[in-house]
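Trainee: Predicted model, plus sequence, below.
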Amino acid sequence: MTIVLFIIVLTFLILVHELGHFWVAKRAGVRVEEFGIGFPPRLWGLKRGETFYSINLIPFGGFVKMLGENTLEGGLADEGSLATKSRLAQAGVLVAGVVANFLIAWFLLSAALMIGLPAAVGTAPAGLEVTDPILMITSVQGGSPAETAGLKPGDEVISAATPDEFVTGIAAARDTVTITVRSAGEEGIREVIIRPKVGLIAEGVPGIGVGVDLVGMAKAGPLAALWQGLLFTLRLVGLIVTGFFTLIKEAVLGEANMVKSLVGPIGLAGLVGDAQMIGLGYLLAFVAFISVNLAVLNLIPFPALDGGRLLILAIEGIIGKTLPAKLVGYLNLIGFVLLISLMLAVTYGDLIRLF
């Protein structure tokens, strides 16, 4: 079910991105040759007007094929070609997918706040009230006694009422500690016996490798949710942009391993499953987080990404002429190969962490 949910989430977000391109391209008079759900081989198709709509076998997202989009193909000077439109119109078509991802993130975050979004007590923005707080495990350290014992983020701690009481109980443990928890979506409770490890959290102090906090549900009415959803979306953009720049800088300086620092499809599927276990509001917020990541990633000025194509448009605007079609096509091809290589490397990293 986690895999199915992940495919649905990823397909939905990529389709939203492609629908942005599709809608603005149509408005700009660009001939859209095909709008596909999934990737070939084709299962079914139907032509309406000038556009062929298809459903394809590989279910990861979708695509929009526009006349003149691929500079290595013909038709660049034909009527309705993307290449014949003004650079401003071309930029609008390219940016539309990113804007669509931002808008759907805003909508999802707003919906999450109306349903109820888990939030730590005392951290909710003004205008949001956190109700029904519980002591929740918010993080589990990899390879820790807690992970070995099967504790997971989102588990409710029954055997303690506050974070201080929880930490004090572990620190006072002589040999083992018994923790009573209730997992998200489950009715019954279970007792977990764990042997704390000295020095795991702080020198000379027993620890089991979890973070806990008092977490309740932050809710808002429709208008407040829309406003707070917009603010959350903008904060996410800032955090993700900062994170990308930090990662790239550290990778260039040799201070970070990009394969280990990034999460691929397998790791992301697991995170989506964890989010679903915590609740619908948290799942919607996590999908919004993925959507903003896709938007920011696509704006990176790298060949084969929307940002790379925008950079080429900017260069053409500065020099006052169009770059050779073969040069642009080969740059995009090289960029695509590099991106696929990075994705395979990151997926390999996911597999290493999994096994």
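Mentor: Yep, it's here.
Trainee: Roughly how far does T168 sit from V215?
Mentor: Using CB to CB, to the nearest Å, we find T168 at a distance of 19 Å from V215. In this view, the C-beta of every residue, glycine as well, is placed from N, C-alpha and C.
Trainee: The two - which one has more neighbours?
Mentor: V215 (22 against 12; other CB atoms under 10 Å).
Trainee: need the next SSE after the helix or strand of the chain with the lowest mean pLDDT, C-terminal direction.
Mentor: Least confident helix or strand, the chain: helix 258-261 with a mean of 62, by mean pLDDT, DSSP states H and E. Heading C-terminal from helix 258-261, the first helix or strand you meet, by DSSP states H and E, is helix 265-278.
Trainee: Averaged pLDDT, the helix or strand following that next one. What do you get?
Mentor: Remark: after helix 265-278, the chain's next helix or strand is helix 280-299, criterion DSSP H and E. When pLDDT is averaged over helix 280-299, the result is 90.
Trainee: list the helices and strands helix 280-299 packs on?
Mentor: If contacts are counted by 3 or more CB pairs under 8 Å, 6 or more residues apart in numbering; DSSP states H and E, helix 280-299 sits against helix 2-27, helix 87-115, strand 117-120, helix 222-252, helix 265-278, helix 306-319.
Trainee: What residues sit buried inside it?
Mentor: Residues of helix 280-299 classed as buried by neighbour count (16 or more other CB atoms under 10 Å): 281-299.
Trainee: CA atoms of it as CSV?
Mentor: Provided in CSV are the C-alpha atoms of helix 280-299 (Å, rounded to 0.1, in the frame of the first residue of the first chain):
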residue,chain,number,x,y,z
LEU,A,280,-4.2,12.7,6.7
GLY,A,281,-3.2,16.3,7.6
TYR,A,282,0.4,15.3,7.9
LEU,A,283,0.3,13.4,4.7
LEU,A,284,-1.1,16.4,2.8
ALA,A,285,1.6,18.6,4.3
PHE,A,286,4.3,16.1,3.3
VAL,A,287,3.0,16.0,-0.3
ALA,A,288,3.1,19.8,-0.3
PHE,A,289,6.7,19.6,0.8
ILE,A,290,7.5,17.2,-2.1
SER,A,291,5.7,19.6,-4.5
VAL,A,292,7.8,22.6,-3.4
ASN,A,293,10.9,20.4,-3.7
LEU,A,294,10.0,19.6,-7.3
ALA,A,295,9.3,23.2,-8.1
VAL,A,296,12.7,24.4,-6.6
LEU,A,297,14.6,21.5,-8.3
ASN,A,298,13.1,22.4,-11.7
LEU,A,299,14.2,26.0,-11.3
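Trainee: what about stretch 22-42, how long is it end to end?
Mentor: End-to-end distance for stretch 22-42: 19 Å, by CA to CA, to the nearest Å.
Trainee: contacting residues around that stretch?
Mentor: Contacts to stretch 22-42, defined as CB atoms under 8 Å, 6 or more residues apart in numbering, come from residues 11, 15, 18, 50-68, 78-82, 85, 89, 92-93, 96.
Trainee: Burial check on the closest residue to G68 other than its chain neighbours, number of neighbours?
Mentor: Among residues not flanking G68 along the chain, S81 sits closest, at 3.1 Å (CB to CB, 6 or more residues apart in numbering). Applying other CB under 10 Å, we find 18 residues neighbouring S81.
Trainee: what are the phi and psi angles of S81?
Mentor: Note on S81: backbone dihedrals following degrees, to the nearest 10 are phi -70, psi 140.
Trainee: That one touches N70, doesn't it?
Mentor: No. Between S81 and N70 there is no contact under CB atoms under 8 Å: 10.7 Å.
Trainee: Where does the residue lying farthest from the centre of the chain sit: helix, strand or coil?
Mentor: Residue farthest from the centre of the chain, counting by CA atoms, centre = their mean, is R174 at 42.1 Å. Judged by DSSP: H, G, I helix; E, B strand; the rest coil, the three-state class of R174 is coil.
Trainee: Model confidence score at it, please.
Mentor: Listed pLDDT for R174 reads 75.
Trainee: Contacts for stretch 148-168 next, please.
Mentor: Contacts with stretch 148-168, where a contact means CB under 8 Å, 6+ apart, come from 134-140, 169, 178-184, 189, 192-194, 208, 210, 212-214, 274, 277-278.
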